[in-house]
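> Below is the sequence, then the predicted model.
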Amino acid sequence: MLELAPNPISQGDVELTHVTFLNRQALYLRPDPARVVVRPFKPATEPRDLHPKEKTRANHIVDRVLGLDPEAAASQLIDVLENFDGRHRNLLRTFEFRCDEMEEAFDPHPPFSRIQRQLIGAYFLHEYSFEAAALFNPSIVPHPDQSGAGEGEKRFVLSLRSVGEGHISSLTFRSGTVTAQGIVTVDPTVRLASVPKVVARSPVPDGEAVELAFSPEEDISERLIFPITASQSNGIEDARFVEFHDGPRKTYYATYTAYSGSAIRSELIETTDFQTFRMGPMRGSAARNKGMALFPRKINGRYAMIGRQDNENLYLIYSDDLFSWDGGVAILRPRFPWEFVQIGNCGSPIELDEGWLLLTHGVGPVRKYSIGAVLLDKDDPSKVLARSSEPLVRPEPSEREGYVPNVVYTCGAMRHGDYLVLPYAVSDTFSAFATIRIDALLREMRG
């Protein structure tokens, strides 16, 4: 049985705003500090680069555990389980695995009993509340499993940026459904949370690629991808997922910003089922920036991206290799007052009969972020056919307060019939939803 958390989602009737084609839904995803994972606790650093004094500290902990008589050690382990076992899956196995990870840091010692091994592992772990501070910058794609969807409905996967202690960003997920009438619901969140097993690591140009796997028994809302490589160590930020079609093959890709604490770069994540993932760095001059978004199919036989390279304008970039991106041509520059500071993309372009619909963000006076739209030519996306002169979504009075005030932002929308389903973040704090009639939006755009 899955254990459901008190759901940090509020939902009500659809509300209309002053923009007639935009329906803001009274559905909100708010950060929940009760959702935690266990992370390695490092008295100093990882075993392979411990200094002698730091190594001694780890062994002081081991010596104290070994100094407990068997009854006291068993009693202490029972006390730990009573406090933490219901909060995590397979906790004893996690303790044993952590003890094995720390073995290189330990001085030679007699063989640990199983209880000693489990208890020692517990001393080198801590709980981390991965969305205690924020749950924002969502993207949305069709769910790979549409079983259970009713007539006219579509199931979806939502990815979100979660932020916890130390302002570290990780990647979390939700699932939900949109009806034929454009009403969005999000499935209840499982209280437990888990990080994946690292299946493989391999050197690649400019870094390291990793393969990850979650257990099939884990609900999608339970799955958390925490920073794994050195380039991601301070955050996996703003994943822009897209359902990519290459003939009959369908793959989900997402570009994201990897932040090491001193440098950023764009990286790519790949999955077919949201259970197993592969992550690796992209290279080239265009990949040194934030906010790249992949088109959902090749254009004239080549991969295509929208990205920002100069902190102001949007570029169209082509490549024959998903991981190598150079050059590009500027296709969009700030034009209207609400975007005079800069523009950027808000996710992957969406294919319509009329062209490629690209959501953008614009930054205006007092660093106010709003969301707009652009229509690009289907055969030659460097040609701009139309764009919105006014924002589709702007911070409303009830949506302007938060960690970063006056910001609405999204990392991707999804088409469903006549509607655009738009999840968006509010002030870098929580996430909300709107739907947009596509025909009405196109009528409002100008050349």
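Structure's in. What do you need?
> can you give me the helices in this structure?
In the chain, helices defined by DSSP state H lie at 52-66, 70-84, 91-101, 114-123, 438-444, listed in chain order.
> Kindly calculate the angle that the third one makes with helix 114-123.
Regarding helix 91-101 and helix 114-123, their directions subtend 80 degrees when assessed with axes from the mean of the first three to the mean of the last three C-alpha atoms, to 10 degrees.
> Could I get the average pLDDT for helix 91-101?
For helix 91-101, the mean pLDDT works out to 96.
> quick one: residue 266 and residue 294 touch, right?
No: here residue 266 does not reach residue 294: they are 10.4 Å apart, not a contact under C-beta atoms under 8 Å. All C-beta atoms are positioned from the backbone trio N, CA, C, and that covers glycine.
> Common neighbours of these two, please.
In terms of C-beta atoms under 8 Å, 6 or more residues apart in numbering, residue 266 and residue 294 are both contacted by the residues residue 255.
> now the strands for the stretch 301-447 of the chain?
303-307, 314-319, 329-332, 342-345, 350-352, 355-363, 369-376, 384-387, 408-409, 414-416, 419-426, 430-437 (DSSP state E, counting those that start in this stretch).
> Identify each buried residue in the fifth one, please.
By 16 or more other C-beta atoms under 10 Å, the buried positions in strand 350-352 come out as 350, 352.
> on that earlier part again, burial-wise, tell me which of the helices of the chain comes out on top.
helix 114-123 (a mean of 20; mean count of other C-beta atoms under 10 Å).
> Determine the set of other helices and strands touching that helix.
Judged by 3 or more C-beta pairs under 8 Å, 6 or more residues apart in numbering; DSSP states H and E, helix 114-123 is in contact with helix 52-66, helix 70-84, helix 91-101.
> closest one to residue 249 among those helices?
Of all the helices and strands packed on helix 114-123, the one in closest proximity to residue 249, counting by C-beta to C-beta, is helix 91-101 (35.0 Å).
> looking just at contacts, which helices and strands does the closest one meet?
Counting contacts by 3+ C-beta pairs under 8 Å, 6+ apart, the secondary-structure elements packed against helix 91-101 are strand 36-40, helix 70-84, helix 114-123, strand 125-129.
> and it with helix 52-66, angle?
Interaxial angle, helix 91-101 versus helix 52-66 (the same axes, to 10 degrees): 140 degrees.
> what angle sits between helix 91-101 and helix 70-84?
Our comparison of helix 91-101 with helix 70-84, counting by the same axes, to 10 degrees, yields an angle of 120 degrees.
> which residues touch helix 91-101?
In contact with helix 91-101 (C-beta under 8 Å, 6+ apart) are residues 38, 40, 47, 81, 84-85, 88, 112, 114, 117-122, 124-125.
> one step back: export the helices and strands packed on helix 91-101 as CSV, with columns for distance to residue 281 and mean pLDDT.
CSV is the format used below for those (distance: least, C-beta to C-beta, whole Å; pLDDT from 0 to 100):
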stretch, distance to residue 281, mean pLDDT
strand 36-40, 23, 96
helix 70-84, 35, 97
helix 114-123, 32, 98
strand 125-129, 25, 97
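> Tabulate the ones you listed (TSV), appending distance to residue 99.
Listed next are the helices and strands packed on helix 91-101 as TSV, based on distance: least, C-beta to C-beta, whole Å:
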stretch	distance to residue 99
strand 36-40	11
helix 70-84	12
helix 114-123	4
strand 125-129	10
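> just so I know, which of the ones you listed lies nearest residue 177?
Checking the helices and strands packed on helix 91-101 against residue 177 by C-beta to C-beta gives strand 36-40 as the closest, at 26.8 Å.
> hey, C-alpha coordinates of the closest one in PDB?
These are the backbone C-alpha positions of strand 36-40, laid out as PDB (Å, rounded to 0.1, in the frame of the first residue of the first chain):
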ATOM      1  CA  VAL A  36      12.200  13.900   3.200                       C
ATOM      2  CA  VAL A  37      14.900  11.600   1.900                       C
ATOM      3  CA  VAL A  38      17.900  10.200   3.700                       C
ATOM      4  CA  ARG A  39      21.200  11.600   2.400                       C
ATOM      5  CA  PRO A  40      24.800  10.800   3.300                       C
END
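> Find out how far that strand is from the centre of the chain, if you would.
How far strand 36-40 lies from its chain's middle: 18 Å, per C-alpha atoms, centre = their mean, to the nearest Å.
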